[in-house]
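> Got a predicted model here, sequence first, then my questions.
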Amino acid sequence: MAYENIRLESQGPVTTLTIDRPKALNALNSKTLQEIESALQSLTSETRVLILTGGGEKSFVAGADIAEMSAISASQAREFAALGHRVMAALESLPCVTIAAVNGFALGGGCELALGCDLIYASEKAKLGLPEVSLGVIPGFGGTQRLARLVGKMRAKELIFTGGHIPAAQAKEYGLVLEVLPPEQLMEHCRTVATKMLKNGPLAISQAKRVIEFGADQDLRAANELERQGFAALFGSEDQREGMKAFLEKRAAAFTGK
Ligand code: CO8
């Protein structure tokens, strides 16, 4: 499918989705969000790791498109927020691992997009924040909830109430990004992390993602039950048999994802 505002490129099992509207610092208008949603739906099991990044030099995603939002009604805002929520939920439900390579501004909806990914790495020049209150609104793509769960309620309140843009190093200190890299090393670092994961069982990684993601919303007893079911579900898979056989035969496993 031809996209206007994003690029989807695969190199074997690693797919890169670039949000590519550099003139608007990759701001998310409805069309861009719809394109991201259909790109996510188009992924097959060939893709084991999905890296999201921003086109151009300056920005990952500088937020939802303010020009578009300035003209919408409350009911259109509900639809727009629902579209954003669907994209974040789709990222969390994908069987592949998702990595946000935050190469510049990740503000508002851009920060929320990164928060929807499994892992966030940032360039030294990245700035992150949820500045929506400076526009008279609040985060609308899940940022209030995902940020609070990741960095704690009080830090999330501080970031959201001040609307500040924080440098990547501070975001790392808060636990909002995992590592901060020189700009030219960011994508390479994400690919290196991807390569380490590619050695492991694809079904097991998908199951681990599912259990961590959905378990985080539940109490410990229910979450442990989810783990127990996920653990048992892997037994009998070709990957489980191959992984354990390879260990006993002192060789690298050749996983097939079956
Ligand atoms: N939307 C639309 N256009 C944008 C956006 C945006 N979010 N950000 C930047 N642009 C455009 C600018 O208007 C400008 O366009 P033009 O060249 O035509 O004037 C171009 O990108 C370059 O931007 P600047 O000239 O401003 O570049 P600077 O380097 O001076 O500043 C900043 C960079 C600091 C990133 C600045 O552009 C900025 O503050 N942008 C807005 C950041 C922001 O507030 N983001 C949050 C938006 S709200 C949001 O994301 C809500 C999500 C939930 C929605 C729920 C829906 C109901």
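Sure thing, it's come through.
> Which secondary structure elements does the helix or strand harbouring K157 sit against?
If you go by DSSP states H and E, K157 is part of helix 153-162. Applying 3 or more Cβ pairs under 8 Å, 6 or more residues apart in numbering; DSSP states H and E, one finds that helix 153-162 contacts helix 143-151. All C-beta atoms are positioned from the backbone trio N, CA, C, and that covers glycine.
> Any part of the helix it packs on near the ligand?
No: between helix 143-151 and the ligand, judged by Cβ under 6 Å from any ligand atom, nothing touches; the nearest distance is 7.2 Å.
> Which strands and helices lie in contact with that helix?
helix 109-115, helix 153-162.
> What average pLDDT does that helix get?
Helix 143-151 carries an average pLDDT of 98.
> ok so, going back, touching the helix or strand following the helix holding K157 from outside, list them.
Toward the C-terminus, helix 153-162 is succeeded by strand 166-167 as the next helix or strand (DSSP H and E). Contact with strand 166-167 is made by A126, K127, L128, G129, L159, Y174, as judged by Cβ atoms under 8 Å, 6 or more residues apart in numbering.
> neighbours of L50, just the number please.
When neighbours are counted by other Cβ atoms under 10 Å, L50 registers 25.
> The helix or strand harbouring T53 packs against which elements?
Using DSSP H and E, T53 sits in strand 49-54. Applying 3+ Cβ pairs under 8 Å, 6+ apart, we find strand 49-54 packed against strand 14-19, strand 59-61, strand 97-102, helix 109-115, helix 186-198.
> Can you tell me what sits against the fourth one?
Put plainly, it is helix 109-115. Residues outside helix 109-115 that contact it (Cβ under 8 Å, 6+ apart): 19, 26-28, 52, 54, 59-64, 84, 87-88, 100, 102, 106, 120, 128-130, 139-143, 146-147, 150.
> which parts of the stretch 51-200 of the chain sit against the ligand?
Within reach of the ligand by Cβ under 6 Å from any ligand atom, the stretch 51-200 of the chain has these residues: 62-67, 77, 80-81, 84, 105, 107-109, 131-132, 135, 139-141.
> List the ones among the residues you listed that fall in helices.
Among those, DSSP state H puts I66, A67, A77, F80, A81, G84, G109 in helices.
> Which one of these sits in the busiest neighbourhood?
For those, neighbours tallied by other Cβ under 10 Å; top is G109, 31 neighbours.
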